[in-house]
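S.K.: predicted coordinates and the sequence they were generated for:
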Amino acid sequence: MSKFVGAHVSASGGVDNAPLNAMAIGAKAFALFTKNQRQWVAKPLETKTIDAFHKNLEDSGILPKHILPHDSYLINLGHPEVEKLEKSREAFVDELERCRILGLDRLNFHPGSHLVKVPKKDPAYADKIMQAELECLDVISESLNRAIDATKDSNVKLVIENTAGQGSNLGYKFEHLAHIINKVEDKSRVGICLDTCHTFTGGYDLRSKEAYDETMDAFEKIVGFEYLMGMHINDSKPKLGSRVDRHHSLGQGELGWDTFRFIMTDSRMDDIPLVLETIDESIWPEEIKALYAFTQE
């Protein structure tokens, strides 16, 4: 098997429950939060929890490289305020350490937001936003360099997720991702996660074979497939280029089923976690089966 599909499963009650929840939906990959994603601090992982996680993971047959943990939503590695930036950087290093302790080799995160507010009627709006974005991208890169330096004994890769570009979130252009990677000193510790909904609402079409090929060619040229370490497989409620982040169940949104057929038959997506974050978890087993059916056509 060359494709590894799953979903972002619950770790409620302990991270050791995540592999069990993945098994229950027929997953060959999964994502999880290693702590409460809406809190800054969590108590350290207990030995019994770590041991149970490893046992359940072994029982599931899912390999660590097919697991894509996600960091806290509170973290903003591009925050313009020094105190809040440092708090984010410390929390991010803690997330990397939790992954290392669990034997996982990658951590998925949203790059960051500049939080600058400029009235659109301002004649210099475009220039001010562009400047804010460039400054923020440099701050994000520095945050990654610091995190890598603080975890030199770790092989956990920092996996940047592209975003829809909602609000002041950066990462909606492939050029943003390339800019960050270019300024990361140890590129062996950095990777990319492409979210299909974010890609589409960020302005890259995926609906026809021609559009899909054009988008993926752009990704290869600007970023490079050697950095792709995971995907989030979601349909989109908003339209192309809307810069709005709202996921939908597969085949029920603006993307349609063809997009996911293209992904499941693209060898560049082999051997990485392909993770559903669709809105109706009750049909995850059916969505997983439907995705695998494309590989049999």
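M.R.: Looks like it arrived, so ask away. Numbers count the residues shown, from 1 in each chain.

S.K.: show me the strands in the protein, by range?
M.R.: For the chain, the strands defined by DSSP state E cover 4-8, 29-31, 106-109, 112-113, 157-161, 169-170, 190-195, 228-233, 235-236, 247-248, 273-276.

S.K.: would you mind finding the most buried of these?
M.R.: strand 273-276 (a mean of 27; mean count of other Cβ atoms under 10 Å). (Each C-beta comes from the backbone N, C-alpha and C, glycine too.)

S.K.: parallel or antiparallel, list what pairs with it.
M.R.: strand 4-8 (parallel), strand 228-233 (parallel) (DSSP bridges).

S.K.: tell me which of the ones you listed sits nearest to P80.
M.R.: Nearest of these to P80, taken as Cβ to Cβ: strand 228-233 at 27.0 Å.

S.K.: dump the closest one to PDB, keeping only the CA atoms.
M.R.: Coordinates of the C-alpha atoms in strand 228-233 are reproduced here as PDB (Å, rounded to 0.1, in the frame of the first residue of the first chain):
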ATOM      1  CA  LEU A 228       5.800  17.600   1.500                       C
ATOM      2  CA  MET A 229       5.300  15.600   4.700                       C
ATOM      3  CA  GLY A 230       1.500  15.400   4.900                       C
ATOM      4  CA  MET A 231      -1.800  16.500   3.600                       C
ATOM      5  CA  HIS A 232      -5.100  17.500   5.100                       C
ATOM      6  CA  ILE A 233      -7.900  16.100   2.800                       C
END
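
S.K.: the inter-axis angle of that strand versus strand 190-195?
M.R.: When axes from the mean of the first three to the mean of the last three Cα atoms, to 10 degrees is applied, the directions of strand 228-233 and strand 190-195 differ by 20 degrees.

S.K.: contacts for strand 228-233?
M.R.: 5, 8, 31, 68, 106, 108, 157, 159, 161, 191-198, 219, 250, 260, 263, 268-269, 272-278, 291 (Cβ atoms under 8 Å, 6 or more residues apart in numbering).

S.K.: if we use 7 Å, what do you get?
M.R.: Residues outside strand 228-233 that contact it (Cβ atoms under 7 Å, 6 or more residues apart in numbering): 68, 106, 108, 157, 159, 191-196, 260, 268-269, 272-277.

S.K.: now the strands paired with strand 273-276 in TSV, with distance to W284 and mean pLDDT?
M.R.: Listed next are the strands paired with strand 273-276 as TSV, based on distance: least, Cβ to Cβ, whole Å; pLDDT from 0 to 100:
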stretch	distance to W284	mean pLDDT
strand 4-8	5	98
strand 228-233	11	98
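
S.K.: out of the ones you listed, nearest to H79?
M.R.: For H79, the closest of the strands paired with strand 273-276 is strand 228-233, at 23.5 Å, according to Cβ to Cβ.
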